[in-house]
Structure formats: C-alpha cells, structure tokens
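Student: here is a sequence with its predicted model. Questions after.
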Amino acid sequence: LGKTLATDSWQRVRKNTYCTKSCEKITKLQIAKLNVGTAFLTTHRLIWGDIKYEDSCLAFPLSQIIFIEEQAGGRGKSAKIVIHLHPAPENKEPGPYNNSKYSYIKLSFKEHGQIEFYRRLTEEMTLKRWENTPISKPISTGTGSQGGRTRAVGIVGIERKIEEKRKELDKNISEAFEDLSQLMVKAKEMVELSRSIANKIKDKQGDITEDETVRFKSYLLSMGIANPVTRETHGSGTHYHLQLSKQLGDMLQAPLEERGGMMALTEVYCLVNRARGMELLSPEDLVNACKMFESLKLPLRLRVFDSGVMVVQLQSHSEEEMIASALDNVSEKGSLTAEEFAKLLGLSVLLSKERLLLAEKMGHLCRDDSVEGLRFYPNLF
Amino acid sequence: TMRRGVGTGAIAKKKRAEAKYKERGSVLAEDQIVQMSKQLETFKSHLEEFASKHKQEIRKNPQFRVQFQEMCATIGVDPLASGKGFWSEMLGVGDFYYELGVQIIEVCLALKHRNGGLITLDELHQRVLKGRGKYAQEVSQDDLVRAIKKLKVMGNGFGMIPVGGSYLVQSVPAELNMDHTVVLQLAEKKGYVTVSEIKESLNWQKERASHVLDHLLKEGLAWLDSQAAGEAQYWLPALFSELSSRDVSPEEANQMTP
C-alpha cells in the first residue's frame, strides 16, 4: 500500500488523537486489514495506521474528498477504492509527502471489506456529519508539550468552515443549540436519578408500595426513559395506557367487525391516528395499550403470528370458524394463493396469508412452494 | 407466629432498616421518588421555556432535529417513546414522527403489489413528500429513518437494508439474510442481476446463487426476464421503479414469472 499513498493530502497525527474528539465517531474499525496497515473511517476523517510508525498515523478530513470510485477485484488483484481529493490546504499539518503529482489515493483491500467500506464511506459523504457537529476546541493529546504539532489533522480547516457556516446560519440556531445542550444536561440528571431509583427497587432497598411503583413508571414515561425494573405481562402498566386500552376497545369494535374480526397492528395505527388528527399515539403507546386488553377483560386481543406480524382481533372471533372457512374456500377452488384468497374475502394479502398459514399449521392445508408463488391445497394426507 | 408486614415488629424492623441506610448515607428509593417528582416539575418548566423559544426551529430545521435526537440518544432518553411524554407534548416532535409513520405505512402498502414490499429510501422519500403537499414541513431522509425505526415495534417486518450508499426499506415480514442482502446490493447498479454476475462478483456456486434468486422471486421481490439476450435477468422492481415509468397491475405482476 505504501506505493499508492502518493498524495500530499496526508498529514501525520498522534495515534491517541483519533479517538478523543467527543463529537467524532468511529464508524468502521479495522475493516481493511492490509499488509502493513489498517484503515479507519470516522464521521470526520479517513485515518490509516501503519505499524512502522508506532505512535502516529496518517489522516485527512472527509471534506477533502471530491469523489470516490470502486475498482472490483479479480484474479491476482485485490478490490480497491479510489479516492479523489481536493488540493491540500496551505495550513495542513506536515505529512509523508511535501508534494505529489497524484490527486488521488487508492485503498487496496487484500481480504474482504471493500464493499462495506465503500458503502460506509459513501454514506458519510452523503451525510456530511462533520458539518453538523461543531468542534469547539482542538483535540487534547496525551502529552501537552508538543503544542501545535500534535493538533489533529485539518482541525483548523474544519473549525474555520464550521465557524463560517455558523455565521451564515440564523443567529437563533446557535442559540437554540446552546439552549438544547443545557436542557440535555438537566435531562441527564433525571436519567441518572431514575437509574438510581431503579437499582434500589431491584435491590429492594426500602419499602416501595404498588402506588409508588406506578408513579415511578409514569415519571419514566414522561421523560421517555426506558423502564428497566419490571417486565409485566400487561405492558407498561401506566394509567395512561389503561385509559387508552379502554378507548381502543370501544373504537375498534366496528372496524374489526367490518374486516372479518382481525386487523394488522399497522392498520390500527393508521386508523386511530388518522382519526385523532393530533396528539397522536406512538407505536409503543399502541402496543402497550393493546397488551392490556386481556387484563382489562376487554373483548379484544393482541396477537403475534409466527411470522412476527401483529394483529388485533375480536375475542369472539372464532379460530375454528376461521380455519374451517379457509378450508372450505380452498377446497371449493381446488387451490388458492394468498392473493387470490385476499380477493375472495376482501381482506389484505397479509392477513389472508396468515389465515392460510394457520390452517396449514393445524394440518388442514398443505403447500406448494414454487417460484410462481405459494399455493395452498386441502391436505388429503 | 406473627404475620409478616404488619404489627409493631414489622414497623420496628423498618425503622431499623431506615436508620441503617441513613447511617450509610444512602437514600431510600421512596424518598428518591419524591425527589424525582419535584425535579420533574422543574424539568418540565425548563422544557416549556425551551419550547416557547425553539419549537419552531425543530419544526423547520431537519438538521436541528438530528442534533436533538442524537443528544437524547446519548443521554438515554427516547423522545418518541410515547405521545404522552413531555418531549412529544411540549415540543410537538411526537406528532411529526407519528404522522410520518402513518404516511410511510400507506405508501408502502400502496406499492406492495408492484415491488413485493421493498422500496428504496429515495423513492419512499419522494412519494411521502408528494403526499404531504407543497406547504407541509420539510422531511429529511433522517426523519424517515427514525420514523421507520419506531414502526418496527408493531411487528410487520419493517426494516432497512443498506444498499449502494443508501437503504432499501422493507415493509413485509419476508426473511432476508446476508446472502439475499448482498445480492440486492449487487443488483443495485443496474436494477437487475444475473446468475453469472453473482458467481463472478461473489465467488459463489451456481446452486447458492439460484437458491437466493428463487427466494427473491417467491417473495415477489424479483421478477424473471427469461427472454433477455444472453442470460436470464432477475429484475428488482424496488430498484428500477424510478427508471421505468410504466405501472404494473397486480395481475400483470403475477404473469411475469414463467
């Protein structure tokens, strides 16, 4: 690889600097294990570590990239990524070459990783996350003694660009960011407090009443903190979801009957939220409320099929009847696919398929699985 | 024997336990819950103040939304967990994403007969924007991705497959493993793929390639063009639907495989 690192865009950085930027994230570690080095992709830079240089490696900012292309591997040659770069900025830190006739580099992947690295690199080039995250101060290094030399790659250029952008943007936005950061500090305190409480409940320190547990859960709900304590069968168990469950019990009765007693949960989600117009339910709210149907003795049930499809069904909705009628339909027509069955019943393909699968599971139908599709026949065995 | 939990014995025991904890300097859980209630009120008013100043910013600015979401994730808070949460109620972020969820479901459902339940994030984005109309708030692809992540909790196989620098959004519970995914990625450039191309690029045996392609056909994600010059081509409607303009009805779709 040493032969292909020919551009002057590379700069040397101290090895311990590539992990210490708080806003910068490593997106792919050690994907490409080359003969002598490893390529790292972060949200801000491309970094290459060469074992010959023990305490430093090479990097350049992603903003330096104009264009990337793939070169597929084949017999005797490895897959490559070619990265075309802008001319190096004047204020760049020193690197392995002072000048070079090449304006691109090639990363050569001796083993696997080219596809994934290319995909991630393309992703980062699209997202341009280095523009969003303000870098307020230079990376701190292990030893403070070497001042400017140990500043990370292109940080000056990046900082400058961000500063310009900030000036361009509405003044309100930087103020909004600051207020947001402060708000998050306060939110974090709430999270830590809730964790402390949760741990104590687990360790049974103190005497928590049922009432206090319910209250605690509603605090977690308000803050959007996941409940680590109890895994109750009836969902999150808050008063809010209880009321919601009852509302849904009323609201879904008629629509369910119109649709043969069963609706996919995503269908319910759309129906309910379209009706509400505002103060919409989150997907989790819906699931948690539906989980309470049984304990509230409402005539509805949340059900999960083997495929993972979740439905709400009327409790009066007889399983045996459903399977028997599926068998009747299939026998009458000789055989049916899910699409044909859906058309016959006026239901969604998704739920029609689930009915056929259920009848098959009970041994009444058998399948013919070919490239033409999945077809069900009466089981005569 | 005495019943546990009642009587002077239990009270005395509790008092001793309390004293022991206080001695160690640790606070009882129930006292902390009271403390949390107070802090929650304070936080709520901070959030209200923030909302009064910056609610519009969240509405209008997709990048600010990204910042907001990432900060929440960092501290361990999910602002979209419940419509009843403070974040949703006061900042209105909830309604924005939950409504987007509805729109995403509806677009995917409408196109399922054609693409088998697989659609590029780009196409989904375009169609959602179109459905929302000219005067609606801006919606970024990041917004879509977050809304889709929330939809996963309702079953139904919502998922995202990385392909060609972006994503394919899956909205049906079809089983897709690594083999299927990598073939989809291979097909991304031209919208179709052949057995030879798979064998050459991925170094697979013919059987493995055929097995994967058969599965995609069965799930309705790929269509077979056996009349293609040279070798049979497996087309993915999710990938080429932007290129071809002709709409295919469900009946036609059923006839496309031999």
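Tutor: Received it, and whenever you're ready, just let me know what you need. Small disclaimer: the values here were computed from a predicted structure and weren't measured.

Student: low-confidence stretches in the chain?
Tutor: This is for chain A. A:1-37, A:50-57, A:93-100, A:111-112, A:133-173, A:204-207, A:228-237 (pLDDT under 70).

Student: nope, chain B please
Tutor: Applying pLDDT under 70 to chain B flags residues B:1-7, B:17-26, B:241-258.

Student: show me where it has its strands.
Tutor: For chain B, applying DSSP state E gives strands covering B:118-120, B:159-163, B:166-170, B:192-193, B:223-225, B:233-235.

Student: surely A:Met292 meets A:Gln243?
Tutor: No: when contacts are counted by C-beta atoms under 8 Å, A:Met292 is not listed as touching A:Gln243 (10.0 Å). Placement of C-beta: from N, CA and C, glycine included.

Student: which one of the strands of chain B has the most crowded surroundings?
Tutor: Ranked by mean neighbour count, the strands of chain B are led by strand B:118-120 with a mean of 26 (mean count of other C-beta atoms under 10 Å in any protein chain shown).

Student: tell me the SS of A:Ile105?
Tutor: Using DSSP: H, G, I helix; E, B strand; the rest coil, the structure places A:Ile105 in strand.

Student: quick one on the thing from earlier: chain A is nearest to which of the strands of chain B?
Tutor: The closest of these to chain A is strand B:159-163. By C-beta to the nearest C-beta, the value is 5.8 Å.

Student: angle of that closest one against strand B:166-170?
Tutor: If you take axes from the mean of the first three to the mean of the last three C-alpha atoms, to 10 degrees, strand B:159-163 sits at 150 degrees to strand B:166-170.

Student: report the distance from strand B:159-163 to the chain centre.
Tutor: Its chain's C-alpha centre and that of strand B:159-163 lie 10 Å apart, by C-alpha atoms, centre = their mean, to the nearest Å.

Student: any idea how far stretch B:171-189 is from the chain center?
Tutor: Centre to centre, stretch against its chain (C-alpha atoms, centre = their mean), the figure for stretch B:171-189 is 17 Å.

Student: ok, back up a step: give me the more crowded residue out of A:Met292 and A:Gln243.
Tutor: Shown here are A:Met292 and A:Gln243; by other C-beta atoms under 10 Å in any protein chain shown, A:Met292 has more neighbours (25 against 12).

Student: which residues of the stretch 51-200 of chain A lie near chain B?
Tutor: A:72, A:115, A:119, A:122-123, A:125-126, A:132, A:172-173, A:175-177, A:179-181, A:183-184, A:186-191, A:193-194, A:196-197, A:200 (C-beta under 8 Å from any C-beta of the partner chain).

Student: quick one: buried ones out of these?
Tutor: Among these, those classed as buried by 16 or more other C-beta atoms under 10 Å in any protein chain shown are A:115, A:119, A:122-123, A:125, A:132, A:173, A:176-177, A:179-180, A:183-184, A:187, A:190-191, A:193-194, A:196-197, A:200.

Student: that older thread, mind putting the strands of chain B into a markdown table with distance to A:Ala39?
Tutor: Listed next are the strands of chain B as a markdown table, based on distance: least, C-beta to C-beta, whole Å:
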| stretch | distance to A:Ala39 |
| --- | --- |
| strand B:118-120 | 28 |
| strand B:159-163 | 19 |
| strand B:166-170 | 22 |
| strand B:192-193 | 28 |
| strand B:223-225 | 38 |
| strand B:233-235 | 33 |
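
Student: of all the ones you listed, which one is nearest B:Gln32?
Tutor: strand B:159-163 (39.1 Å; C-beta to C-beta).

Student: tell me what the closest one is packed against?
Tutor: With contacts defined as 3 or more C-beta pairs under 8 Å, 6 or more residues apart in numbering or on different chains; DSSP states H and E, strand B:159-163 has these neighbours: strand B:166-170, helix B:178-187.

Student: from the contact counts, what lies against the shortest one?
Tutor: Just to be clear, that refers to strand B:166-170. Using 3+ C-beta pairs under 8 Å, 6+ apart, the elements in contact with strand B:166-170 are strand B:118-120, helix B:121-132, helix B:141-151, strand B:159-163.

Student: buried deepest among those, which one?
Tutor: Of all these, as judged by average neighbours under mean count of other C-beta under 10 Å, the leader is strand B:118-120 with a mean of 26.

Student: give me the helices and strands touching it, please.
Tutor: Strand B:118-120 packs on helix B:93-115, strand B:166-170, helix B:237-240, going by 3+ C-beta pairs under 8 Å, 6+ apart.

Student: for A:Pro89, which of the ones you listed is the nearest?
Tutor: Of all the helices and strands packed on strand B:118-120, strand B:166-170 comes closest under C-beta to C-beta, at 29.9 Å.

Student: got a list of contacts for the closest one?
Tutor: Residues from elsewhere that reach strand B:166-170, judged by C-beta atoms under 8 Å, 6 or more residues apart in numbering or on different chains: A:123, A:126, B:104, B:108, B:117-122, B:124, B:141, B:145, B:148, B:157-161, B:176, B:184, B:238-239.

Student: that strand vs helix B:141-151, what angle?
Tutor: 30 degrees.

Student: note down every partner strand of strand B:166-170 and its orientation.
Tutor: strand B:118-120 (antiparallel), strand B:159-163 (antiparallel) (DSSP bridges).

Student: from the chain's centre, how far out does it sit?
Tutor: For strand B:166-170, the distance to the chain centre is 10 Å (C-alpha atoms, centre = their mean).

Student: excluding chain neighbours, give the residue nearest to B:Thr74 in space.
Tutor: A:Met184 (7.7 Å; C-beta to C-beta, 6 or more residues apart in numbering or on different chains).

Student: now swap in A:Gln114 and tell me
Tutor: A:Ala79 is the one closest to A:Gln114 (C-beta to C-beta, 6+ apart), at 3.8 Å.

Student: after the top helix by length along chain A, which helix or strand is next?
Tutor: Scanning chain A for the helix with the most residues, using DSSP state H, yields helix A:171-203. Per DSSP states H and E, the first helix or strand lying C-terminal to helix A:171-203 is helix A:210-223.
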